[in-house]
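> Following is a predicted model, sequence given first.
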Amino acid sequence: MLKRSTLAGLATVLLSSTGILAADLSAPAPVPVAPPAEPCKATLLGPTYSGTIKANPNPTCFSAGPLGDLYVGGAVTGYGYTQSNPFASFSTPAAPNDRDRSARFDFSNIQGIIQKPEGAFQFYIQAGGYSIPQLGFPTLGTFTQTDLLFGPVPVAFGKIQINDEWSVQGGRMFTLIGTELLFTYQNLNINRGLLFVQENFINQGVQVNYSSGPLSVSLAGTDGFFSNEITWFTGNVAYKLDDFNTIGVNGGLNVGRTNALDRSPRYQFATPNAQQNSGIFNINYTYANGPWIISPYFQFTNVERDLRVGINNTASTYGGALLAAYSFTDNFSLAGRVEYTEQTGVRGSGGTNLLGFGAGSNAFSVTVTPTFTFDRYFFRVEYAHVELGGITRGNLAEGTLGTGFGRTGNRTSQDRYMVETGITF
């Protein structure tokens, strides 16, 4: 039988041969340390892209000391178009030296973006010039639009990330309403659609966000159509059914009243009186899988009669749109959009013109946009056709103009051929 001292010696030899000391057996196991977050790999606050032109997978980033990592980006793009039946020049009294033209070449975006998307305090600033071409609406020069709409800093907000689920932000923010996005390069098509014209674009106010799993909810108190009066309440709810399917509802209404007609024409360009005092509801669905993007949505808007703000009749619009795109390769895709919208009311009654083509009118549009991309560069062309029904016709002999297209407002169709190219970074 081995002696106790001999057993102890053997144990010491075995522990020593495996590099383990007796003292190590009683020490607590080391706590693993998580590797530091990889720099310049944050999820950005924006801008959002619809799919044919994609977000930069490697955004430029630099360290700003105590602020953390700052990301910079932007877009430099230009466009040209020719169209039939431009609107009468009087349609834009806010820009006496500019007007809707039969043809135009201009910048569509000259923008820079800086953002801090990480940490408890975050911010996003987007500045520069922009053009927002819209079907059924006059197209002015880029610098005229920038001046009349939201100025050279259209988006600037700060955000407090309370935890993984809750955040609060405030400032100038993208709207919660609609399916199409604001700037050209964010969308499947160059032109914004007929339904888009009924929506507000940029809101000033405060917004609360909640996100957990497939559900995301945002609620905001804002100034609606850039009125500088915080009287609008808006919201957006989206639910991701699975990896490919998302459904959502969004909308808002003015819980107060704004008499934009008491303001200058410059103010009314960004704050149209009927829309500012309206309510809007959208329901949308998006399927995105492989080469396909399919996104239908329905829209309802309503403005109530209120003589105090110059609205003599109640009016509503009903509309629907289908947006779709198919990517044949990594560098070529084809997108399209079909829309129909109409307004209540009696044709020729002179009632509230919420749709833009008079009471009792309707509008149909079709848009086709092939897009070529190479790295951050893109080139695309577009054809869009708008057909109107139920317009009120004018009579030049009596000094009246119609509510349709053309210099006299009596045309019922418009064809627009467009090209856009540039880089996003």
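Cool, got the structure.
> just so I have it, where are all the strands in the stretch 151-300 of the chain?
Ranges of strands within the stretch 151-300 of the chain are 155-161, 166-174, 202-212, 215-222, 232-240, 245-254, 278-289, 292-303, based on DSSP state E, counting those that start in this stretch.
> Need those in TSV (columns: mean pLDDT, distance to residue 265 and mean neighbour count).
C-beta here means a position set from N, CA and C on the backbone, and glycine is covered the same way. Listed next are the strands of the stretch 151-300 of the chain as TSV, based on pLDDT from 0 to 100; distance: least, CB to CB, whole Å; neighbours: other CB atoms under 10 Å:
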stretch	mean pLDDT	distance to residue 265	mean neighbour count
strand 155-161	98	25	18
strand 166-174	98	22	18
strand 202-212	98	19	18
strand 215-222	98	23	18
strand 232-240	98	22	19
strand 245-254	98	21	19
strand 278-289	98	20	18
strand 292-303	98	20	19
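> Turn these into JSON lines, columns for distance to residue 130.
As requested, the strands of the stretch 151-300 of the chain are exported to JSON lines (distance: least, CB to CB, whole Å):
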{"stretch": "strand 155-161", "distance to residue 130": "10"}
{"stretch": "strand 166-174", "distance to residue 130": "13"}
{"stretch": "strand 202-212", "distance to residue 130": "11"}
{"stretch": "strand 215-222", "distance to residue 130": "20"}
{"stretch": "strand 232-240", "distance to residue 130": "22"}
{"stretch": "strand 245-254", "distance to residue 130": "23"}
{"stretch": "strand 278-289", "distance to residue 130": "23"}
{"stretch": "strand 292-303", "distance to residue 130": "23"}
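> Let me see the backbone angles for residue 131.
Per-residue torsions, residue 131: phi -120, psi 140 (degrees, to the nearest 10).
> sorry, that was for residue 308
Taking degrees, to the nearest 10 as the convention, residue 308 sits at phi -70, psi -30.
> Next, count neighbours for it.
8 (other CB atoms under 10 Å).
> And for it, nearest residue in space, chain neighbours not counted?
residue 257 (6.4 Å; CB to CB, 6 or more residues apart in numbering).
> Give me the number of neighbouring residues for residue 115.
24.
> who's in contact with it?
By CB atoms under 8 Å, 6 or more residues apart in numbering, the contact set of residue 115 is 44-46, 70-71, 122-125.
> and what of residue 270?
By CB under 8 Å, 6+ apart, residue 270 lies in contact with 148-150, 225-226.
> same thing with residue 321?
179, 193-195, 296-297, 299, 337-340.
> Correct me if wrong, but it is in a strand.
Yes: secondary structure assignment (DSSP: H, G, I helix; E, B strand; the rest coil) places residue 321 inside a strand.
> please renumber so the chain begins at 54
I'll keep to 54 as the first residue from here, and by that count the last item is residue 374.
> and the next element down the chain from the strand or helix carrying residue 390?
Assigned by DSSP states H and E, residue 390 falls within strand 385-396. Next helix or strand after strand 385-396 toward the C-terminus (DSSP H and E): strand 415-427.
> Who are the packing partners of that next one?
The contact analysis (3 or more CB pairs under 8 Å, 6 or more residues apart in numbering; DSSP states H and E) places strand 415-427 against strand 385-396, strand 430-442.
> And it, what's buried?
415-418, 420, 422-424, 426 (16 or more other CB atoms under 10 Å).
> Name the next helix or strand following the helix or strand of the chain with the lowest mean pLDDT along the chain.
Every helix and strand of the chain was ranked by mean pLDDT, DSSP states H and E. The lowest is helix 75-79, at a mean of 35. Note on helix 75-79: by DSSP H and E, the next helix or strand toward the C-terminus is strand 113-116.
> What backbone torsions are found at the residue nearest to residue 361?
phi -140, psi 140.
> Touching, residue 194 and residue 159? I think so.
Yes: judged on CB atoms under 8 Å, residue 194 makes contact with residue 159 at a distance of 5.8 Å.
> so how far is the first residue of stretch 184-193 from its last?
8 Å (CA to CA, to the nearest Å).
> which of the residues in it are buried?
184-186, 188-193.
> Tell me where this protein is predicted with low confidence.
Within the chain, the stretches with pLDDT under 70 are 54-91, 143-144.
> Next, find the distance separating the residue nearest to the spatial centre of it from residue 249.
Note on the chain: the residue nearest the mean C-alpha position is residue 234, at 2.6 Å, using CA atoms, centre = their mean. As for residue 234, its distance to residue 249 is 9 Å (criterion: CB to CB, to the nearest Å).
> repeat for residue 395
Residue 395 sits 16 Å away from residue 249, going by CB to CB.
> More neighbours: these two, which one.
residue 249 (24 against 18).
> show me the contacts for that one.
187, 231, 233.
> CSV please, covering the residues you listed and showing distance to residue 440.
Converted to CSV, the contacts of residue 249 look like this (distance: CB to CB, whole Å):
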residue, distance to residue 440
187, 16
231, 22
233, 20
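> From residue 435, how far out is residue 240?
From residue 240 to residue 435 the distance is 11 Å (CB to CB).
> most neighbours, which of the contacts of residue 168?
Ranking the contacts of residue 168 using other CB under 10 Å puts residue 177 first, with 24 neighbours.
> Contacts only, for that residue.
Listed by CB under 8 Å, 6+ apart, the contact set of residue 177 reads 98-99, 166, 168-170, 208-210, 212.
> With distance to residue 362 as added columns, please give those residues in CSV.
Supplementary listing: these in CSV, determined by distance: CB to CB, whole Å:
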residue, distance to residue 362
98, 35
99, 33
166, 36
168, 37
169, 40
170, 40
208, 28
209, 29
210, 29
212, 34
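> Thanks again, I'm all set now.
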